[in-house]
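S.K.: Pasting the sequence and the predicted coordinates here, then a few questions.
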Amino acid sequence: MTKVTLEVNGKKVSKEVPDHTLLSVFLRDNLNLTGTHVGCDTSQCGACVVHVNGKSIKSCSTLATDVEGSKVTTIEGLAKNGKLHPMQAAFKKTHGLQCGYCTPGMVMSAVDLLQTKKNPSDQEIREWLEGNICRCTGYQNIVAAVKEAATKM
Amino acid sequence: MASLVGSRVERKEDTRFLQGKGRYTADINIANQTYAVFVRSPHARAKIKSVDTSKALKSSGVVGVLTGKEIAEDKIGGLIAGWAIRSEDGSEMKVPANPPLAKDIANFVGEPVAVVFAETLDEAKEGAEKVKVDYKVLKAVVDPAEAMKSDAIHDGVDKNLCYDWLLGDRKAVDEAFAKADKIIKVDLINNRLVPNAMEPRACVVDYNTASEEITLYTTSQNPHLSRLVMSAFGGVAPENKLRVVAPDVGGGFGSKINVYNEEIVCSWASKKIERPIKWVAERTESFLTDTHGRDHVTHAELAVTNDGKFLGFKNETIANLGAYARVFGTVTPTYLFGPCATGVYVIPAAYSNVKAVYTNTAPVDAYRGAGRPEATYTIERLVEKAALELGMDKTEIRMKNFPTQFPFKQTLVHTVDSGDYVAGLEKAKQMADYSGFEARRKQSEANGKLRGIGVSSYFEACGIAPSAAVMSLGCGVGLWESAEVRFNPTGQISVFTGAHSHGQSHDTTFAQIAADELGVPMENIDVVHGDTDKGTFGMGTYGSRSLTVGGIAIVNACKKIVAKGKRVAAKMLEVNEDEIEFKDGEFVALKSNKKKTIGEVAFACYLPGQRDEMKSPIPEGDEPGLIESSFFDPANFSFPAGSHICEVEIDPDTGNVKVEKYTAVDDFGRIVNPMIVEGQVHGGIAQGIGQALHENTQYDETGQLMTASYMDYTMPRADNFPEFNLGFTCTHATSNPLGVKGCGEAGAIASPPTVMNAVIDALGGQEISMPATAEKVWKACKTMKKSNAKAA
């Protein structure tokens, strides 16, 4: 067992967990932040993407102990004061989600893209999102959402 | 008031999904829960000689271990095939028992043999490692084409044949073929796919020892059907003691129609160990045990005249059912496939013959389109080949054989009520700049690339399934849908539907429909689904049926509300009922122009007294309250149709296929929410392109699944697609009052042949099978080079 201390969505949390606890498990089971989803266990699908110190990572293949002391943002921490983040609002406006399962990871990944590059082209968006699988949308409206958000962020 | 039906209304459900507030099954935890891990057969076919649970039972944290022996002793029934299919010789289909936990024999890799419950997931995994199963490995039957010559997997199922089914008239087809100028032939493999909903299957079971009620939270497309099957066939609990909740479900695509072993086992076991149980599939478990899709081997022929008229069609298909026949397993390759195999064409003589076989692979069932993608692939490959062999334009040959009169009575089963196939293809040609293709081909050629164009015209039978129609086919089950519209006293409305949304946006579209019918803002309406304790019985969501069947039940229930509202308003306004008009949420007395809003009427229905007045507004013969329900069973299927055109460019040096342009023109009848419909089409096309170019489920000769993770099974990603170009035509369905046809499966039905026709066109007519991977295409390019060199 190891004590893991993180700042998650602006709040300091500290939990004693088995050493092999994945960050996704820590968030879901220990903090009840179930917005972070697990879709594949092999870091392929990206449903588990969260931000660690502002950068997107796949929480299903990161040990909680490895990010000790970090600032973690999950999908639950994106909206501020009851107002959707521009990326969330853009996904809603362009119908960038259907079943909603891949959505948290997709949104977190897309936010990092726009932090990295302000006005990405369609091709750049599609390539960035290669690590996030969506089975519902055919990606078209997700690309549209990222472009829409780029005008607002 | 502007109509909401037809508007691009943003989705109600998005606010929760976008903030991580969705509530999926794996998000649910129950105090004192145990964790289940299943022990699964590592062999495709093996006798189970013994199962030793003694070490597992002593393992740290293990609460219980159960095997096929205990579940058999408790007489818990197994999984079922939902539809009865008869063979051509009149014999009944052969369906082997499919116990929830294998007791004597395991028939596919991943079939559950035992289950371990423990205090933590880690302890359950460790316990499962300690269950010792002694297997006698038998030779597995894997190839569907070989299955009829192999050992029988199941006792009493000779040649591994479930049925040998015929639809149509062999003699008439022979006569038509005798008159033909040319016979076009294709041999096709419709590749096996794994549906791959992004949310892995899961279940959480809570047994209440006081009320003896089991609550099962599960990833289901049809919770009421799950309850029915588990109760009636599984004997897990009486229906009134079994509550099935399918909360937010992360995609289904057909794979979550079935009741699965794990749901039955955990529900039964929860009562046995008197503890709540949680089970969540890992992705590889999903690959191994979710029902798969497609997997046909087809030989088909089309008899044509020299000027391109179709005379006759025949289709001989072997359908792989996998190890067991599941709910839609037997109907998918027959009634959902055979009647659609003549496509959108007038073909005077036709038959479809399907032999469904068992193999030692995961069960095959409905996957987006279910039977209709296989049918469309068959006919559209034939038609495209006919155009090539006759030297005709691909669109001209289609136009020539389209019906122009509707209703269109097809040769096999369906009477298509409405459509305009010519308009659809014309529009697609124009949007795709069909006439400009040759210039683009030359440009690609100049760049050292091969460019091809493919067309496909499709129709599908949706709104699964009108009872009268399917009962007449001998299917034994019809599928209506129910709705209840409940006005609360203060005017908010709950709309209960038996359909289930796992991405389809029912919270929004159904609210749009009800808001229009009742003349209230859609914010006042909550759509409730997915809980057997809340709504009336319902059949669930699949077969593009939610709107065409379930949506109409809502419309009809709303109409009953308005009818009762009129009677009540008439009494309140002291006029005759026929003097009341209902418009924009108000009941208006035509002569006096006095009015009551529907909210006021609802309030009066619940509190039927008025201040200072003893008179009740409830008319004689009516009861208080404002709740109405409806069961809608359509008179016919609905028939969406359309034409898609795709252009691909192949790099002959790498074999890489790039989808350059994709145009889809669809006729879904009236469209309730264009934004949502476009999303459904995008997703369907992407899955179809996945089938055509990327996805394949590969078993080795011993029955091991070689593609059991996202490292091995190619899921399409964002950069595999261009932007799809969508257009619509509209002819209303006549079998329902909204004129809607359904849109969920169209993309996945039309796109595989469209893409493959384009690939084969680029390869100069050289046929290759799906998926057209870079390796296959590169090889084909080399063959092409050689034959071109020879010709030169």
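M.R.: The structure has been received and is ready for your questions.

S.K.: Show me the shaky parts of chain B.
M.R.: Within chain B, the ranges that satisfy pLDDT under 70 run B:475-476, B:609-614.

S.K.: domains of it?
M.R.: What automatic domain parsing lists as the domains of chain B is B:14-140+B:195-289, B:420-463+B:636-792, B:479-632.

S.K.: closest to chain A out of those domains?
M.R.: Closest approach to chain A among those is made by domain B:14-140+B:195-289 (1.8 Å; CB to the nearest CB). For the C-beta atoms, the positions are set from N, CA and C on the backbone; glycine is no exception.

S.K.: longest single helix anywhere in chain A?
M.R.: Criterion DSSP state H: the longest helix present in chain A is helix A:103-116.

S.K.: Helix or strand next in line after that one, which one?
M.R.: Heading C-terminal from helix A:103-116, the first helix or strand you meet, by DSSP states H and E, is helix A:122-128.

S.K.: Outside of that following helix itself, list whatever touches it.
M.R.: Residues outside helix A:122-128 that contact it (CB atoms under 8 Å, 6 or more residues apart in numbering or on different chains) are A:109-110, A:113, A:117, A:120, A:139, A:143, A:146-147, B:717-719, B:721, B:723.

S.K.: would you turn these into a markdown table with neighbour count and distance to residue B:631?
M.R.: Formatted as a markdown table, the contacts of helix A:122-128 follow (neighbours: other CB atoms under 10 Å in any protein chain shown; distance: CB to CB, whole Å):
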| residue | neighbour count | distance to residue B:631 |
| --- | --- | --- |
| A:109 | 25 | 44 |
| A:110 | 28 | 43 |
| A:113 | 20 | 48 |
| A:117 | 13 | 54 |
| A:120 | 19 | 50 |
| A:139 | 27 | 38 |
| A:143 | 23 | 42 |
| A:146 | 30 | 44 |
| A:147 | 17 | 45 |
| B:717 | 21 | 43 |
| B:718 | 26 | 42 |
| B:719 | 15 | 46 |
| B:721 | 21 | 40 |
| B:723 | 15 | 42 |
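
S.K.: Just name the closest of those to residue B:668, please.
M.R.: Closest approach between those and residue B:668, by CB to CB: residue B:723, at 20.4 Å.

S.K.: Now do the phi/psi pair for that closest one.
M.R.: The phi/psi pair for residue B:723 (degrees, to the nearest 10) reads phi -80, psi 130.

S.K.: quick one, what contacts the residue lying closest to it once chain neighbours are set aside?
M.R.: Distances taken as CB to CB, 6 or more residues apart in numbering or on different chains place residue A:140 nearest to residue B:723, at 6.0 Å, with adjacent residues excluded. Going by CB under 8 Å, 6+ apart, residue A:140 touches B:682, B:721, B:723, B:724.

S.K.: Bridged to the last one, which residues?
M.R.: This points to residue B:724. Here residue B:724 sits in beta bridges with residue B:662, going by DSSP bridges.

S.K.: Break chain A down into its domains, please.
M.R.: Split into domains by automatic domain parsing, chain A comes to A:2-77, A:86-150.

S.K.: Let's have those domains in JSON lines, adding distance to residue B:459 and mean pLDDT.
M.R.: Output for these, formatted as JSON lines (distance: least, CB to CB, whole Å; pLDDT from 0 to 100):
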{"stretch": "domain A:2-77", "distance to residue B:459": "34", "mean pLDDT": "97"}
{"stretch": "domain A:86-150", "distance to residue B:459": "22", "mean pLDDT": "98"}
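
S.K.: For residue B:773, grab the count of nearby residues.
M.R.: 19 (other CB atoms under 10 Å in any protein chain shown).

S.K.: Please disregard the earlier target; I meant residue B:221.
M.R.: 29.

S.K.: List the contacts of it.
M.R.: B:246, B:249, B:252, B:254, B:256, B:257, B:500, B:502, B:540, B:541, B:542.

S.K.: near chain A, which of those residues show up?
M.R.: Applying CB under 8 Å from any CB of the partner chain, the subset of these adjacent to chain A comprises B:249, B:502.

S.K.: Just flag the most distant two among the contacts of residue B:221.
M.R.: B:246 and B:254 (14.7 Å).

S.K.: More neighbours: which of the two?
M.R.: Between residue B:246 and residue B:254, counted using other CB under 10 Å, residue B:246 has the larger neighbour count: 28 against 25.

S.K.: That one and residue B:25: what is the separation?
M.R.: From residue B:246 over to residue B:25 the distance is 8 Å, taken as CB to CB, to the nearest Å.

S.K.: Equivalent analysis for residue B:508, please.
M.R.: Taken as CB to CB, the span from residue B:508 to residue B:25 is 22 Å.

S.K.: Without its sequence neighbours, what residue ends up closest to residue A:133?
M.R.: residue A:45 (4.4 Å).

S.K.: Pretty sure that neighbour sits against residue A:102.
M.R.: Yes. Between residue A:45 and residue A:102 there is a contact under CB atoms under 8 Å: 6.9 Å.

S.K.: how far does the top helix by length along chain B sit from the chain's center?
M.R.: When chain B is parsed with DSSP H, its longest helix is helix B:552-573. A distance of 34 Å separates the centroid of the chain from that of helix B:552-573, by CA atoms, centre = their mean, to the nearest Å.

S.K.: Which neighbouring elements make contact with it?
M.R.: In this structure, helix B:552-573 makes packing contacts with strand B:481-487, strand B:493-497, helix B:506-518, strand B:580-583, strand B:586-589, strand B:595-597, helix B:598-606, strand B:627-632, judged by 3 or more CB pairs under 8 Å, 6 or more residues apart in numbering or on different chains; DSSP states H and E.

S.K.: Let's have those in TSV, adding mean neighbour count and distance to residue B:347.
M.R.: Putting the helices and strands packed on helix B:552-573 into TSV (neighbours: other CB atoms under 10 Å in any protein chain shown; distance: least, CB to CB, whole Å) gives the following:
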stretch	mean neighbour count	distance to residue B:347
strand B:481-487	26	32
strand B:493-497	24	38
helix B:506-518	25	36
strand B:580-583	16	48
strand B:586-589	21	53
strand B:595-597	19	56
helix B:598-606	22	51
strand B:627-632	19	32
